[in-house]
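Chemist: Following is a predicted model, sequence given first.
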Amino acid sequence: MQIAVAKRLEQTEEYYFSKKLREIESLNKAGKKIINLAIGSPDLPPHPSVVEELVKQAALDTTHGYQSYKGSVLLRQAIADWYQRYYQVNVDAATEVLPLMGSKEGIMHICMTYLQAGDKVLIPNPGYPTYASAVRLSEATAIPYTLSESNNWLPDLQALEKNGLQDVKMMWINYPHMPTGARATKAFFEAIIAFGKKHHILICHDNPYSFILNEEPMSIMAVEGAKDVAIELNSLSKSANMAGWRLGMLVAHPDRIDEILRFKSNMDSGMFFPLQAAAAVALSLDQSWYDELNTTYRERREKVFSIMDLLGCSYQKDQVGLFVWAKVPDEIKDAYALTDKVLYDANVFITPGGIFGEAGSQYIRISLCATVETFDQAIGRIQTLTTNS
C-alpha cells in the first residue's frame, strides 16, 4: 500500500550526506576502503573530565528521571558563565538560555516557532542546507542571498535592501561561516543588528565554529541591543568534540526563550541529566583545552592545503573552522565532476561545494576530522591520480 507523504516533504530531499554515505558503504563492501574527508564529525575525544562526569552521574540512582524542559540550573549557569568568559557577553542563566539537543534541533525549533506560509526567510548561498530545509518544513519561503569571495563571504546588506524585503521575517547568518571558513567582524555584526531593527527582521546567528582555529571567538550578542532582534545558536559538537552527544544551546531575549519553549516543550521531555552535567564540565574548560585542540587542527590543515595544491585548487590560508574551502581550477566543469573523480578513481570522499548552494558550485570542501596518517594516505592516493591524469 502506498501512503502519500505530507506536502511539506514534497520539496524536501534526503540530506546529501545521508544518501552519499550509503553509496560509500556499498563501495567499502566492494573492497574500495574509501577515505572519508567530507564530514565535520570530530574524531578526537572530549576532555577526560567530561567523560568522567557522565559516568559518575549515570551511576547514580537519582539521575534517570524526566528533566526540566528548560534545562537544568547547572547547565544554564554553565552556559551563561561560558558566554561571559569567552565572549564577554552577559547572559541571564534563568531567562536568556535554552539548552538544546544539538543546535540543528534549534534551527527547526526557531523556524517552527516563528514562520508560516507567506513568510519569507533570507538564507545564505552557499550555506548550511538545514536552514533551507527547516524553512520549507515550516511552510515559509526561503530566499537565498548570494555570498561571494570578493566580499569576504559576507552578505551585501545594501543590495538586499535594494532587492526589496517585503514579507521577510527572518534572516539566517553563520560566522565563522560554514562552508567557507570566513569570519565576521564586529562592524558587520553591528551593521546586521541595525539592519534587523530597521526592517523588523529576526536575525538568527548559528555560531558553532567560533573556537576552531580562531584566535578571537565572537558572539553577535556582544553588540549592544542584539537581544532585541537576534537569536544565537551555539554547540559543543565542534568546540568540545561532543558531536554525537547532541548538546547545543540557544541564547536570546527572555521573550524569545519563552516563545521557542512553547514549541520545544511539545517535541521532547528534557535532556538526560548526566549529559547536562558533563556539558557543564566541558563548558568550564580553560583556554588550554582550545589551544591543544587547535594545535592538532593546524597540523591537519597543512595536510589539507597539500591536497588542495595537488588538485590545483586556490584557497585562503586565513580561513577558520573545521574545514578548508577551495575553488576548483577554471577548466573543471564544476566541483561535482572533481569530487566524483577523486571518489571513484582515488577512493577519497570530499565534499562538492554545490550542495551548499549554487554559489558554491565551483568550490570543494575538505574536513579536518581525520588523523595526519589518514591525510597522508589520501595525499598518496591523490598524487597517483594526478600523476596519471
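Modeler: Happy to help now that I have it.
Chemist: Now do the strands in the stretch 251-389 of the chain.
Modeler: For the stretch 251-389 of the chain, the strands defined by DSSP state E, counting those that start in this stretch occupy 314-315, 323-327, 348-349, 351-352, 363-367.
Chemist: just the stretch 51-200 of the chain next, same as before
Modeler: Assigned by DSSP E, counting those that start in this stretch, the strands in the stretch 51-200 of the chain fall at 97-100, 120-125, 141-146, 168-173.
Chemist: The second one pairs with which strands?
Modeler: Think strand 120-125. Here strand 120-125 has these sheet partners by DSSP bridges: strand 141-146 (parallel), strand 168-173 (parallel).
Chemist: Looking at the ones you listed, which is nearest to Val91?
Modeler: Closest approach to Val91 among the strands paired with strand 120-125 (Cβ to Cβ): strand 168-173, 19.4 Å. Bear in mind the C-beta positions are built from the backbone N, C-alpha and C, glycine included.
Chemist: Pull the distance from that closest one to the chain's centre.
Modeler: 17 Å (Cα atoms, centre = their mean, to the nearest Å).
Chemist: going forward, begin numbering at 899 instead of 1
Modeler: Shifting the count to begin at 899 puts that one at strand 1066-1071.
Chemist: Buried residues, that strand. List them.
Modeler: 1066-1071 (16 or more other Cβ atoms under 10 Å).
Chemist: ok, now stretch 1195-1207?
Modeler: For stretch 1195-1207, the neighbour count (16+ other Cβ under 10 Å) marks 1195, 1198-1199, 1201-1206 as buried.
Chemist: got it, and stretch 1075-1086?
Modeler: By 16+ other Cβ under 10 Å, the buried positions in stretch 1075-1086 come out as 1075-1082, 1086.
Chemist: and if you look at stretch 1264-1271?
Modeler: 1264-1268.
Chemist: Just list the residues touching the residue nearest the centre of the chain, thanks.
Modeler: With distances taken as Cα atoms, centre = their mean, Pro1106 lies nearest the centre of the chain, 5.5 Å away. Applying Cβ atoms under 8 Å, 6 or more residues apart in numbering to Pro1106 gives the contacts 1001, 1076, 1131-1133, 1135-1137, 1146.
Chemist: how about 10 Å then?
Modeler: 938, 1000-1002, 1026, 1072, 1074, 1076, 1131-1137, 1141, 1146, 1219-1220 (Cβ atoms under 10 Å, 6 or more residues apart in numbering).
Chemist: same deal with Gly1251?
Modeler: By Cβ under 10 Å, 6+ apart, the contact set of Gly1251 is 1024, 1077-1078, 1223-1226, 1232-1234, 1237, 1257-1263.
Chemist: can you pull the pLDDT of it?
Modeler: In this model, Gly1251 is scored at 96, pLDDT.
Chemist: go on, Lys1215?
Modeler: On the pLDDT scale, Lys1215 gets 95.
Chemist: Then the one 3 residues further on?
Modeler: What the model reports as pLDDT for Val1218 is 97.
Chemist: Against Trp1051, how distant is Tyr1029?
Modeler: To Trp1051, Tyr1029 is 15 Å away according to Cβ to Cβ, to the nearest Å.
Chemist: likewise Ile1264?
Modeler: Using Cβ to Cβ, we find Ile1264 at a distance of 17 Å from Trp1051.
Chemist: again, but for Val1066
Modeler: The gap separating Val1066 from Trp1051 is 21 Å, by Cβ to Cβ.
Chemist: likewise Ile933?
Modeler: Going from Ile933 to Trp1051 by Cβ to Cβ gives 28 Å.
Chemist: Looking at those two, which has the bigger crowd around it?
Modeler: Per other Cβ atoms under 10 Å, whichever of Ile933 and Trp1051 has more neighbours is Trp1051, with 24 against 21.
Chemist: The more buried one is in contact with His1075, isn't it?
Modeler: Yes - here Trp1051 lies in contact with His1075, judged by Cβ atoms under 10 Å, at a distance of 5.4 Å.
Chemist: Tell me the spacing between the closest residue to Gly1168 other than its chain neighbours and Arg974.
Modeler: With Cβ to Cβ, 6 or more residues apart in numbering as the criterion, Gly1168 has its nearest non-adjacent residue at 3.3 Å, and that residue is Gln965. Distance from Gln965 to Arg974, counting by Cβ to Cβ: 12 Å.
Chemist: repeat for Ser1182
Modeler: Remark: distance between Ser1182 and Arg974 (Cβ to Cβ) = 14 Å.
Chemist: For Ala1176, which of the strands of the stretch 949-1098 of the chain is the nearest?
Modeler: Of all the strands of the stretch 949-1098 of the chain, strand 995-998 comes closest under Cβ to Cβ, at 12.3 Å.
Chemist: Let's see that closest one as PDB, backbone CA atoms only.
Modeler: What follows is strand 995-998 as a C-alpha-only set of coordinates in PDB (Å, rounded to 0.1, in the frame of the first residue of the first chain):
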ATOM      1  CA  VAL A 995      19.400  30.500  27.900                       C
ATOM      2  CA  LEU A 996      17.800  27.400  26.400                       C
ATOM      3  CA  PRO A 997      19.800  24.100  26.300                       C
ATOM      4  CA  LEU A 998      19.200  22.100  23.100                       C
END
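Chemist: Flag every buried residue along it.
Modeler: Result for strand 995-998 [16+ other Cβ under 10 Å]: buried residues 995-998.
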